[in-house]
Structure formats: C-alpha cells, structure tokens
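> sequence-free structure coming up:
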C-alpha cells in the first residue's frame with residue numbers, strides 16, 4: 001500500500017465545486033455500485049456530509065449523515081479510497097460530520113464486525129442493528 005500524506009488533503013462539509021469526476025473509485029466491492037453522478041446526488045441528499053479532497057479536487061474519502069435534526073442521526077456511508085486508509089482520514093471525516101450534526105441524543109451507524117474497533121475509538125459503543133437490503137437497487141434509483 002502506497003502511503004500518502006494526509007496533510008495534502010482538504011477536509012470540508014460542503015459540496016461547492018464537487019463534480020461527478022471528483023468521485024471516482026468508491027463503493028469498492030459493490031456488485032452494482034452507484035455511478036459518480038448518483039454518488040453526488042447521495043451527498044446532496046444527506047443532511048450532513050464530510051469530504052477529504054486532494055488539491056485538484058479528487059475526493060479520497062467521504063461520510064454521509066441522515067438526521068431529523070432534533071434527536072437522532074444515522075451514518076449510512078463511510079468510505080476512504082484504499083491508498084488513503086490507515087492514515088486517520090476516516091476518523092477525521094466522522095469527527096467532522098458529528099460536529100456538523102450538533103448536539104443530538106443519538107448518532108448511530110451499522111458496521112461489519114471488523115470495523116467495531118474503529119467506531120469504538122471514536123467513542124461509539126456496540127449495539128444491535130437490523131437491516132434490509134434490496135440488491136437490485138444497490139446502484140440507486
């Protein structure tokens with residue numbers, strides 16, 4: 001794995017200047033991933049989001065949040081491109097989006113078992129999650 005300097009990144013919670021061309025390489029391992037234009041719609045439709053960008057604009061990591069703005073929020077998507085993993089990018093993204101959400105009672109996320117230690121380092125605790133997936137709609141609607 002090539003190591004990159006996270007100091008080269010800009011972190012932001014807004015979408016000004018982000019185009020589908022900046023959103024390449026995400027949804028790793030998804031059989032039917034959303035296209036970059038759909039990805040941009042996902043970011044726009046989120047109540048909060050945080051992005052990690054290179055100086056040329058390429059996004060190397062993102063997190064989205066859905067919230068009622070009163071009591072609760074959910075973090076459905078967090079992804080960092082493989083060459084940027086292990087450098088604190090995901091932690092910074094989650095911290096930014098939690099700050100953007102404000103002082104809510106609950107901020108939840110569902111994750112695979114191997115990601116539990118990551119979320120625990122950010123102050124979250126293990127809980128149960130129930131999920132429903134419709135694989136035929138994985139690329140969005």
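That came through, no problem. Computed from a prediction, not measured in an experiment: that's the story for all the values here.

> and the residue nearest the centre of the chain, backbone torsions?
Centroid-nearest residue in the chain: residue 63, 1.7 Å away (criterion: Cα atoms, centre = their mean). The phi/psi pair for residue 63 (degrees, to the nearest 10) reads phi -140, psi 140.

> so who does it touch?
For residue 63, the residues meeting the contact criterion (Cβ atoms under 8 Å, 6 or more residues apart in numbering) are 49, 50, 75, 77, 78, 79, 90, 93, 94, 96, 97. The way it works is simple: take the backbone N, C-alpha and C, and place the C-beta from them, glycine included.

> just the residues you listed: which are in helices?
With DSSP state H as the criterion, helices contain 90, 93, 94, 96, 97 from among the contacts of residue 63.

> any chance of CSV for those residues, columns pLDDT?
Rendered in CSV, the data for those read as follows (pLDDT from 0 to 100):
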residue, pLDDT
90, 98
93, 98
94, 98
96, 97
97, 98
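
> closest to residue 118 out of those?
The nearest member of the ones in helices among the contacts of residue 63 to residue 118, counting by Cβ to Cβ, is residue 90 at 7.0 Å.

> mind checking pLDDT for the residue lying closest to residue 58 once chain neighbours are set aside?
When the adjacent residues along the chain are set aside, residue 58 lies closest to residue 22, with 5.4 Å between them (Cβ to Cβ, 6 or more residues apart in numbering). In the prediction, the pLDDT value recorded for residue 22 is 98.

> contacting residues for residue 22?
Contacts of residue 22 (Cβ under 8 Å, 6+ apart): 36, 53, 57, 58, 59.

> if any of those are buried, put those into a PyMOL selection.
Taking 16 or more other Cβ atoms under 10 Å as the burial criterion, the selection of buried members of these in PyMOL is written as:
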select buried, resi 36+53+59
